[in-house]
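> Everything below, folded, please.
(chains A and B)
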Amino acid sequence: MKKILVWDLPVRLGHWLMAGGFAFAWATGDSEVWRLAHVFAGGAVTAIALFRLLWGIIGSRHARFASFVRGPRQALGYLKDLLRRAPRHYAGHNPAGGWAIVLLLSLALLTGASGWLAYQEMGGEWLAEAHEWCVHLMLAVIGAHVLGVLVGSLAHRESLIGAMFTGRKLGRPEEAISGQHLLGAACLLGWAAAGAWWLAQ
Amino acid sequence: MLKTVLRAALSTTFVTLAAAITLAAPAASAATPAQLLNTYAAEAARQTPGFQPSAQRGAELYARRFTASEKMPACATCHTDSPLQAGRHAVTGKAIKPLAPRAEPARFTDPAKVEKWFRRNCSEVTGRECSAAEKADFIRFMTEGS
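Predicted coordinates:
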């Protein structure tokens, strides 16, 4: 195995913009002075999550849901092997990581939807509460995701965090993707900006 | 394969929604502004024996300009000079219903909501938490003095 390109640019850019946008929105959530910035960041995160759904169908090989979404048995099996320190190596996402992605995307969309409805004052105080609970659940999954990344990095002796920056992971040459998908990345940026702007209206 | 993905996403969505609604729903417990006032006044009296809530002090707190926030120096910045009037968010420009229960009967009837907004707005406008005495004064001003 050698280092091959696995994550295209829309995957990496989307990941870090989502992480940064979520962190910013979380930090400003209780502030009225930062309310508009909070809504803007939330809009961007929601738009990125929506883009990721589409990219999960039309994106490059390892970005596709079909390539990494597996049943709970396989995810548990992977975690068990991880505890036994003999996990199977995947060039793309492992089955447990796939669950983190599905959960985080679902929660991001729910958080965005409840936040938008609350901002439009379409529900009572309970909507703001539901928005906060979505965030609590999301923080819990983020915690599990980060822990999984750290343990996985140690177990496979490769930096999964670094891979999300460079796009390169260990794998067989035939598993590599052919390009960075710059056009997809440009679409993602435009779409995220449009989503942020629209939600903040 | 797409079916598995959709099933996973749908069940996640359902469970999360159910959890969020169950956890959020029982939050609203009804009270009257007078009951809320009494609770804060009793707490203040434990700290300062003989404490009596004052609409006058509440009005001063409402109008006072603090230095913690440039954009939101006072309660009155968003809620206008009179809590009987509809306000306007200083940053988003969104309309805010009047704060006084006489103009907006739902105000100061949900203890958890009242605590949440005292906590948020006091720390942002005054730069600190409000004391039980200040909250009692504030609600007296909202119910009587405005």
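> Next, count neighbours for residue B:95.
For residue B:95, the neighbour count with other Cβ atoms under 10 Å in any protein chain shown is 10. Just so you know, the C-beta spots here come from the backbone N, C-alpha and C atoms, and that holds for glycine as well.
> Okay, helices next: where are they in chain A?
Ranges of helices within chain A are A:9-28, A:35-58, A:65-68, A:72-83, A:95-119, A:125-156, A:160-166, A:182-199, based on DSSP state H.
> Helix, strand, or coil at the most centrally placed residue in chain B?
In chain B, the residue lying closest to the centroid (Cα atoms, centre = their mean) is residue B:117, at 2.9 Å. What DSSP: H, G, I helix; E, B strand; the rest coil gives for residue B:117 is helix.
> ok, so what distance separates it from chain A?
Per Cβ to the nearest Cβ, to the nearest Å, residue B:117 is found 10 Å from chain A.
> Tell me the pLDDT of residue A:25.
On pLDDT, residue A:25 comes in at 98.
> Let me fix that, I meant to ask about residue B:18.
So, for residue B:18, pLDDT stands at 64.
> and the next element down the chain from the helix-or-strand element of chain B with minimal mean pLDDT?
Ranking every helix and strand in chain B by mean pLDDT, DSSP states H and E puts helix B:2-24 at the bottom, with a mean of 59. Next in sequence after helix B:2-24, counting helices and strands by DSSP states H and E, comes helix B:33-47.
> same for that next one, what does it pack against?
Contacts defined by 3 or more Cβ pairs under 8 Å, 6 or more residues apart in numbering or on different chains; DSSP states H and E place helix B:33-47 against helix B:111-125, helix B:132-140.
> by how many degrees do the helix or strand just after it and helix B:132-140 diverge?
Note on helix B:33-47: by DSSP H and E, the next helix or strand toward the C-terminus is helix B:55-63. Angle, helix B:55-63 to helix B:132-140, by axes from the mean of the first three to the mean of the last three Cα atoms, to 10 degrees: 90 degrees.
> which other residues reach the helix or strand that helix B:55-63 is followed by?
With elements assigned by DSSP H and E, the helix or strand that comes after helix B:55-63 is helix B:75-79. For helix B:75-79, contacts defined as Cβ atoms under 8 Å, 6 or more residues apart in numbering or on different chains pick out A:32, B:61-63, B:71-72, B:85, B:87-90, B:96, B:98-99, B:121, B:125.
> hmm, 7 Å instead?
With contact meaning Cβ atoms under 7 Å, 6 or more residues apart in numbering or on different chains, helix B:75-79 is reached by B:62, B:63, B:72, B:87, B:88, B:89, B:90, B:96, B:99, B:125.
> Let me see the mean pLDDT of that helix.
Helix B:75-79 comes out at a mean pLDDT of 98.
> next one: that helix to chain centre, how far?
Its chain's C-alpha centre and that of helix B:75-79 lie 13 Å apart, by Cα atoms, centre = their mean, to the nearest Å.
> contacting residues for residue A:117?
Residue A:117 sits in contact with A:123, A:127, where contact means Cβ under 7 Å, 6+ apart.
> and if you look at residue B:92?
Residue B:92 sits in contact with A:35, A:36, where contact means Cβ under 7 Å, 6+ apart.
> State the helix or strand in which it lies.
Assigned by DSSP H and E, residue B:92 belongs to no helix or strand.
> Roughly how far does it sit from residue A:40?
11 Å (Cβ to Cβ, to the nearest Å).
> Can you get me a residue count around residue 122?
Reading this off chain A. 10.
> um, chain B though
21.
> Just to check, it is in contact with residue B:135?
No. Residue B:122 is not in contact with residue B:135 according to Cβ atoms under 7 Å; the separation is 8.5 Å.
> in chain A, what residue sits furthest out from the centroid?
Computed with Cα atoms, centre = their mean, the most peripheral residue in chain A is residue A:124, at 29.3 Å.
> Show me where chain B dips below the pLDDT cut-off.
Confidence mapping of chain B against pLDDT under 70 gives the ranges B:1-29, B:146.
> I'd like the helices and strands packed on helix B:33-47 laid out as TSV, including distance to residue A:193.
Below are the helices and strands packed on helix B:33-47 laid out as TSV (distance: least, Cβ to Cβ, whole Å):
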stretch	distance to residue A:193
helix B:111-125	28
helix B:132-140	41
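> Looking at these, which one is packed in the most?
Among the helices and strands packed on helix B:33-47, helix B:132-140 has the highest mean neighbour count (mean count of other Cβ atoms under 10 Å in any protein chain shown), at a mean of 24.
> Identify all contacting residues around that one.
By Cβ under 7 Å, 6+ apart, helix B:132-140 touches B:33, B:36-37, B:40-41, B:43-44, B:47-48, B:51, B:53-55, B:57-58, B:61-62, B:108, B:118.
> and residue A:12, how many neighbours?
So residue A:12, with other Cβ under 10 Å, has 17 neighbours.
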